[in-house]
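Visitor: return a 3D structure for these sequence lines:
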Amino acid sequence: MSWMIYGANGYTGELIAREATARGMTPILAGRSKTKVERLANELKLECRVFDLNSAASIAAQLEGIKVVLLTAGPFSATSQPMVQACIRAGAHYLDITGEIDVFEQVFRHDSEARKAGVVLCPGVGFDVIPTDCVAAALKDALPDAVELRLGFDTTVSLSPGTMKTTLESTPDGGRVRRDGKLTRVPLAHEVRRIDFGRGERLAVAVPWGDVSTAFHTTGIPNITVFIPASRASVFGMRLGNVFGPLLKLSAVQSLLGALVSWTVKGPDETARARMPAYVWGEAINAHGERRTAHVQTVNGYSLTIPGALTVTNHLLNHDAPAGFTTPSRLMGSGLVSQLPGGGHIVVG
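Guide: A predicted model of the protein is given here:
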């Protein structure tokens, strides 16, 4: 059965394509850059297709014979919508590796169409959001009446160009949390606390991470906040972002920053990734103040994204699944993270 990696010439897409080939899988490589896609396809001895994402109808024509599409080309705020529409038209399951709240919610809005078409829509099949989503599901099982969910992760990692561009694009929009089941905008760094993610207590700050969307769809818990470690200087910088957000929204500023990222940011190599484990934490609380915590240690985020994306792809290639929008843990259970090389086992206390 045929499947496609769109954005295979990007940093993460290429890593996934190379690992897929090493596993004996034969994805069709696709993207907008003819030279880059063809060069990688020739090296890996794989079929390739070159097309842009301007029209859902034209994309759907390129998906003929494809059962699963894995979208790795960002920013997903621009690429996801046309690809989702095309997958529904073509009857192909849709996966991506986004961590963007608005993209998750946008994909969710296609749930009814996808159900009618028999198509699975499962965004976030990388480090964003497999380990945190699995922790959320495990905590829901441990405390079914939880009304508050806090998630977070601690890792030392340099960013890929795509991730850096997404961060710059989203910064002007401020923070985001889930309150009473609704997505709510808050100032950047609106909450600061100390958390032991798994290697000692550290100062942590609330961030607008993808789980603010996906953990709600996974658990139904109405109040959700996500944290990452931060220095006091970083917290101060984030709060400055609340002041200068309107400036960062200007298209000329975004274009300049995007060009600088493309020129200077390359993403971590294999040696660097091996030195960067991730520590994932979660806490659930019910209305009586009872709480449960959970921890899991994984490999570096990029290193986990590779087997994560391939494991979910392989699942959809070889198993039936309920059509419509889903999350990684809803699709494959909270044990998904422990199935992945370097994924670790969730410990709930």
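
Visitor: name all residues that make contact with the nearest residue to residue 46 once chain neighbours are set aside.
Guide: If the residues on either side of it in the chain are set aside, residue 46 comes closest to residue 29, at 5.4 Å by Cβ to Cβ, 6 or more residues apart in numbering. The way it works is simple: take the backbone N, C-alpha and C, and place the C-beta from them, glycine included. Residues near residue 29 by Cβ atoms under 8 Å, 6 or more residues apart in numbering: 4-5, 8-9, 17, 37, 40-41, 44, 46-49.

Visitor: return the closest of the residues you listed with respect to residue 237.
Guide: For those, the closest approach to residue 237 (Cβ to Cβ) belongs to residue 9, at 32.5 Å.

Visitor: just checking, that closest one is part of a helix?
Guide: No. If the criterion is DSSP: H, G, I helix; E, B strand; the rest coil, then residue 9 is coil and not within a helix.

Visitor: what about it, how many residues close to it?
Guide: 26 (other Cβ atoms under 10 Å).

Visitor: thought residue 40 was touching it, still the case?
Guide: Yes. Taking contacts as Cβ atoms under 8 Å, residue 9 lies within contact range of residue 40: 5.8 Å.

Visitor: part of a helix, is residue 304?
Guide: Yes. Counting by three-state DSSP, residue 304 is part of a helix.

Visitor: and it, how far is that from residue 334?
Guide: Per Cβ to Cβ, to the nearest Å, residue 304 is found 15 Å from residue 334.

Visitor: ok, residue 230 next?
Guide: 28 Å.

Visitor: ok, these two, which is more surrounded?
Guide: Between residue 230 and residue 334, residue 334 has the larger neighbour count (other Cβ under 10 Å), namely 22 against 19.

Visitor: list the contacts for the more buried one?
Guide: For residue 334, the contact set (Cβ under 8 Å, 6+ apart) comprises 134-135, 137-138, 141, 346.

Visitor: do the same with residue 33
Guide: Residue 33 sits next to 9, 50 when contact means Cβ under 8 Å, 6+ apart.

Visitor: and it, backbone torsions?
Guide: In terms of degrees, to the nearest 10, the main-chain angles of residue 33 are phi -90, psi 100.

Visitor: cool, and residue 118?
Guide: According to degrees, to the nearest 10, residue 118 has phi 70, psi 30.

Visitor: the nearest residue to it once chain neighbours are set aside: neighbour count?
Guide: Excluding its sequence neighbours, the residue lying closest to residue 118 (Cβ to Cβ, 6+ apart) is residue 323, at 4.8 Å. As a burial measure, residue 323 scores 17 neighbours (other Cβ under 10 Å).

Visitor: what pLDDT, on average, does stretch 91-109 get?
Guide: Averaged over stretch 91-109, pLDDT sits at 97.

Visitor: let me see the ranges of the helices in the stretch 151-300 of the chain.
Guide: In the stretch 151-300 of the chain, the helices defined using DSSP state H, counting those that start in this stretch lie at 161-170, 211-219, 232-248, 251-264, 270-274.

Visitor: ok, the residue nearest to residue 46 to residue 201 distance?
Guide: Distance from residue 29 to residue 201, by Cβ to Cβ: 44 Å.

Visitor: likewise for residue 77?
Guide: In this view, residue 77 and residue 201 are 35 Å apart by Cβ to Cβ.

Visitor: which of the two has more neighbours?
Guide: The neighbour count for residue 77 versus residue 201, taken as other Cβ under 10 Å, is higher for residue 77 (15 against 11).

Visitor: sec struct for the more buried one, please.
Guide: Following three-state DSSP, residue 77 is assigned to helix.

Visitor: would you format the contacts of residue 334 as a markdown table with secondary structure, neighbour count and distance to residue 281 included?
Guide: Formatted as a markdown table, the contacts of residue 334 follow (DSSP: H, G, I helix; E, B strand; the rest coil; neighbours: other Cβ atoms under 10 Å; distance: Cβ to Cβ, whole Å):
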| residue | secondary structure | neighbour count | distance to residue 281 |
| --- | --- | --- | --- |
| 134 | helix | 30 | 12 |
| 135 | helix | 32 | 7 |
| 137 | helix | 25 | 15 |
| 138 | helix | 24 | 12 |
| 141 | helix | 14 | 17 |
| 346 | coil | 22 | 11 |
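
Visitor: contacts only, for residue 72.
Guide: Under the criterion of Cβ under 8 Å, 6+ apart, the neighbours of residue 72 are 5-8, 10, 12-13, 16, 96-97, 309.

Visitor: please apply the same query to residue 132.
Guide: 151-153, 209, 211, 215, 226, 280, 282.

Visitor: just the ones of these in strands?
Guide: 151-153, 226, 280, 282 (DSSP state E).

Visitor: what's the closest of those to residue 102?
Guide: Set against residue 102, the nearest of these by Cβ to Cβ is residue 226 (14.8 Å).

Visitor: so what's that closest one up against?
Guide: When contacts are counted by Cβ under 8 Å, 6+ apart, residue 226 touches 132, 150-152, 206-209, 211-212.

Visitor: what about the stretch 101-250 of the chain, any weak spots by pLDDT?
Guide: Confidence mapping of the stretch 101-250 of the chain against pLDDT under 70 gives the ranges 156-173, 241-250.

Visitor: verify the contact between residue 81 and residue 105 for me.
Guide: No. Using Cβ under 8 Å, residue 81 is not in contact with residue 105; the gap is 11.4 Å.
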